[in-house]
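In: show me the folded form of this:
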Amino acid sequence: MNRNLQTALILVVALLAGIGGYFANRGGQSEPGTQTREISTETVNALLALNLPDTHGQVQALEQWRGKVIVANFWATWCPPCRKEIPDFAAASQALADQPVQFVGISIDSLEKVQTFDEEFKVPYPLLIAGPEVLTLAAGFGNDARALPFTVIIDRDGKARHIKLGTLNREELEGRIRALLAL
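Out: Numbering: from 1, shown residues only. Take a look at the predicted model:
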């Protein structure tokens, strides 16, 4: 992909993220940005069917984590809200390391940028590399703007239980996960 097209794509996705974040955080909802509609099994299965390379070039199948609570966070290194929330995700991941929970970051970015980010932040869970086309999955989860950051929490039975457009802090994230672990 040439540099100008890549830059234009990044600007469009950033603009959509801003617009999506604005609408997600407008009043009228008890939990801003939280999706409550029923998500189809096909949509969850499409997410779990992803096979993406990690920062070491090893292809990881999301399916390998079926049976655990899966926290799938769509993000990018150039997205300021994404960068803000990842330390909280890392801390929650470490706090829940002895539980049947798997965090996974699905980055809409280049391998080199994600590797540099990982070296700086020491993210304790897999960071997978995807192209912008993976955001078509986001629409199936109700994120029609395909904005970032975007998080899907899937329970151990494979049902999407929490969907959030916008940032999640550690307390909110751990509370949602612990509630699913108690089921």
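
In: please count neighbours and contacts with C-alpha atoms only from this point.
Out: Will do.

In: look up the closest residue to Leu62, ignoring the ones flanking it.
Out: Once flanking residues are discounted, Leu62 sits nearest to Leu48: 4.8 Å by Cα to Cα, 6 or more residues apart in numbering.

In: for that neighbour, the count of nearby residues, please.
Out: Neighbour count for Leu48, taken as other Cα atoms under 10 Å: 19.

In: do the same with Glu119
Out: 10.

In: next one: it, what pLDDT does it get?
Out: The per-residue pLDDT reported for Glu119 equals 94.

In: give me the phi and psi for the residue most central in space within the chain.
Out: With distances taken as Cα atoms, centre = their mean, Asn73 lies nearest the centre of the chain, 1.3 Å away. Per-residue torsions, Asn73: phi -110, psi 120 (degrees, to the nearest 10).

In: quick check: it touching Leu148?
Out: No - judged on Cα atoms under 8 Å, Asn73 makes no contact with Leu148 at a distance of 9.0 Å.

In: if we can go back for a sec, please tell me how far the residue nearest to Leu62 sits from Ala160.
Out: When distance is defined by Cα to Cα, to the nearest Å, Leu48 is 11 Å away from Ala160.

In: got it, and Arg83?
Out: Arg83 is 24 Å from Ala160, by Cα to Cα.

In: neighbour-wise, which of the two wins?
Out: Ala160 (23 against 17).

In: helix/strand/coil for the residue nearest to Ser93 when sequence neighbours are not counted?
Out: Distance criterion Cα to Cα, 6+ apart; nearest residue to Ser93, sequence neighbours excluded, is Phe103 at 6.5 Å. Assigned by DSSP: H, G, I helix; E, B strand; the rest coil, the conformation of Phe103 is strand.

In: partner residues bridging Phe103?
Out: Per DSSP bridges, the residues bridged to Phe103 are Val71.

In: just the pLDDT for it.
Out: Predicted confidence (pLDDT) for Phe103: 98.
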